[in-house]
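Undergrad: what shape does this take:
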Amino acid sequence: MASDTVIARADSPAESDEAAPRRLKRFGGSRLGGLILALNLLSLLILFGGALALNELRRGLVEARQESLTSQAELLANVLGELGITQGEPLPVLDKFQAYRWMVDTFIPEGQRARLFDGDGVLIADSYEVSDTIPGQALPAAQPAGTPVPDTAKKEEAESATLRRATQELVAETEHALAGEPQATVRLSEDGKRVISVSIPVRHVQKILGVLTLEAGDVDEILGAQRRALTPFALVALAVNLLASLLLHLFVARPVMRLSAAADEVKQGRARAISLPDLEGRKDEIGDLARSLESMTETLSDRMDAIEAFAADVSHEIKNPLTSIRSALETLDLVKDQSQRDRLTALLQADVKRLDRLITDISNASRLDAELSRDRPRPIDLNVLIGDIAGIYETTAKPGEARVVLAPGTGDTRVLGRDGPLGQVFRNLIDNARSFSPEGGEVRIGLIRNELDPTRALSVTVDDDGPGIPPDNLETVFERFYTSRPKGTAFGANSGLGLSIVRQIVEAHGGRVSAENRVNADGSVAGARFRVDLPTTHLAVIRRG
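TA: Here you go, the predicted model:
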């Protein structure tokens, strides 16, 4: 049966409760978007923060090393200038022999190199030459006999270029120092390594006698320590990115795959609806999607059930006049009396009219959903709409038919809806009320506005003076093909779809319709009343726009 709804599941545990209400979103309405952005920004901030912090650390270490070498070089230069290792009058110059002896006697820490230049920039002494320190690199390991000799031309050319560049930088640094400007730089040494170099002028009174250059070759060690210190930050950033990828897989990709699998189950006809309780309870976009898909498939399932029931009702209702027509046709040839033949012919015509009316109403009812989906809602003034409808009834009324009287509502009587379907609602209600009203009676329409309840903000009542509705049928009157007419009413004059169409249209507009009996002071039934309640809360958006 269509009512036995099968639920599609994809790795889902127990049954779902009611879908949780949507909560306030973040990051432009997206919780997942905010999570993705936050995780990616966090990893980048960790990496950039570590790089900036270590860049400052490197700069601080290099500057501290330069300051240390500068203090040491200034001390040595002052000692050298005050010792009077000079010769010549009246202009003193450095005594190269004494300066060399001084360089031998001076302690230079390991890893540092001191060089002394005279006033012309000529090298006088080098701490590497007066000590056992031999700069350079170890020879490569011995190769077996017969090993081809590598081509060292390119290597020698590169080493020569490095030496030229290092010499040029040293000469430029020395020249600036001879001009009286102390220098502290990071440059290349003759073997291609970066060194921290400090050049301080050697003065005797105001006379610059030469330049003392002090070098420290631990720049690469400082930078290597910085890289090693950056490694934890890079590893943490990598871990955050991996975590973000895992979370995206677990909370986005995998749930979407499950929803896709459940949708395929519905598509292939093995299920009627999607139900994934663990996803529907989520408060992000995946939860919204799961709840929307469940609601959509449940609505489609209900619609399929309704279509099946509607088809069964239509089949039953159409078979009645067809059966009557077939019986009349089979009997017509057997009847010889003209009056009886005329009665059968009249019955055939009535059944044909009934069948035509029934098919027309069924067609209108079946097209209703499509019409409601195509027509966009817009503000409609019910005073104007119902007033135009009442005016048409008043103009086309025949003698003895019930009059239609409108009591206009006060204040704002606009609702957000579709004028065509809403007009059909009030025409069906008016036709229904007139069919039950006595000759010369009156159908009264009233508009009532309720400011306290936005869900029933605007109510339209349609009253008649007929016999009323049996208490047990106050709800069944809205069912399809339900008819209950007073005695004497022509059989088949109504299809029983009018009030069913009214309820369908009103509920599509977010409202509700109900029926009740009006009573007199003595408790007797004065007539029927149909009440249509329509919300006006959506109009606030239009007014602000």
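Undergrad: the stretch 51-200 of the chain: helices as residue ranges?
TA: According to DSSP state H, counting those that start in this stretch, the stretch 51-200 of the chain carries its helices in the segments 96-105, 127-130, 153-178.
Undergrad: nope, the chain is what I was after
TA: With DSSP state H as the criterion, the chain has helices at 31-82, 96-105, 127-130, 153-178, 219-248, 254-267, 277-280, 285-332, 338-374, 382-396, 419-436, 498-508, 539-544.
Undergrad: can you put these in CSV and add mean neighbour count?
TA: Every C-beta, even on glycine, is put in place using the N, C-alpha and C of the backbone. Shown next, in CSV, are the helices of the chain (neighbours: other Cβ atoms under 10 Å):
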stretch, mean neighbour count
helix 31-82, 16
helix 96-105, 16
helix 127-130, 16
helix 153-178, 14
helix 219-248, 14
helix 254-267, 17
helix 277-280, 20
helix 285-332, 15
helix 338-374, 14
helix 382-396, 15
helix 419-436, 20
helix 498-508, 20
helix 539-544, 10
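Undergrad: the ones you listed: which one's closest to Leu209?
TA: Closest to Leu209 of the helices of the chain is helix 31-82 (Cβ to Cβ; 6.7 Å).
Undergrad: per-residue confidence averaged over the closest one?
TA: Regarding helix 31-82, the rounded mean pLDDT is 71.
Undergrad: Leu347: what's it in contact with?
TA: Shown in contact with Leu347 (Cβ atoms under 8 Å, 6 or more residues apart in numbering): 324, 328.
Undergrad: picking up where we left off before, which one of the helices of the stretch 51-200 of the chain lies closest to Gly111?
TA: Of all the helices of the stretch 51-200 of the chain, helix 127-130 comes closest under Cβ to Cβ, at 11.2 Å.
Undergrad: which strands and helices sit next to the closest one?
TA: helix 96-105, strand 112-118 (3 or more Cβ pairs under 8 Å, 6 or more residues apart in numbering; DSSP states H and E).
Undergrad: any idea of the mean pLDDT in that helix?
TA: Throughout helix 127-130, pLDDT has a mean value of 73.
Undergrad: export the helices of the stretch 51-200 of the chain as TSV, with columns for distance to Leu534.
TA: Compiled in TSV, these are given as follows (distance: least, Cβ to Cβ, whole Å):
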stretch	distance to Leu534
helix 96-105	104
helix 127-130	99
helix 153-178	87
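Undergrad: closest to Gln72 out of the ones you listed?
TA: Distance to Gln72, taken as Cβ to Cβ, is lowest for helix 127-130 among those, at 12.5 Å.
Undergrad: quick one: distance of the closest one to the chain centre.
TA: 70 Å (Cα atoms, centre = their mean, to the nearest Å).
Undergrad: surely Thr297 and Ala273 touch.
TA: Yes: the criterion here is Cβ atoms under 8 Å, and Thr297 meets it with Ala273 at 4.1 Å.
Undergrad: sorry, back to before: Val405 is nearest to which of the helices of the chain?
TA: Closest approach to Val405 among the helices of the chain is made by helix 382-396 (7.3 Å; Cβ to Cβ).
Undergrad: count the residues that sit near the nearest residue to Arg512 once chain neighbours are set aside.
TA: The shortest distance from Arg512 to any residue other than its chain neighbours is 5.3 Å, reached at Asp533 (Cβ to Cβ, 6 or more residues apart in numbering). Asp533 sits with 20 neighbouring residues when counted by other Cβ atoms under 10 Å.
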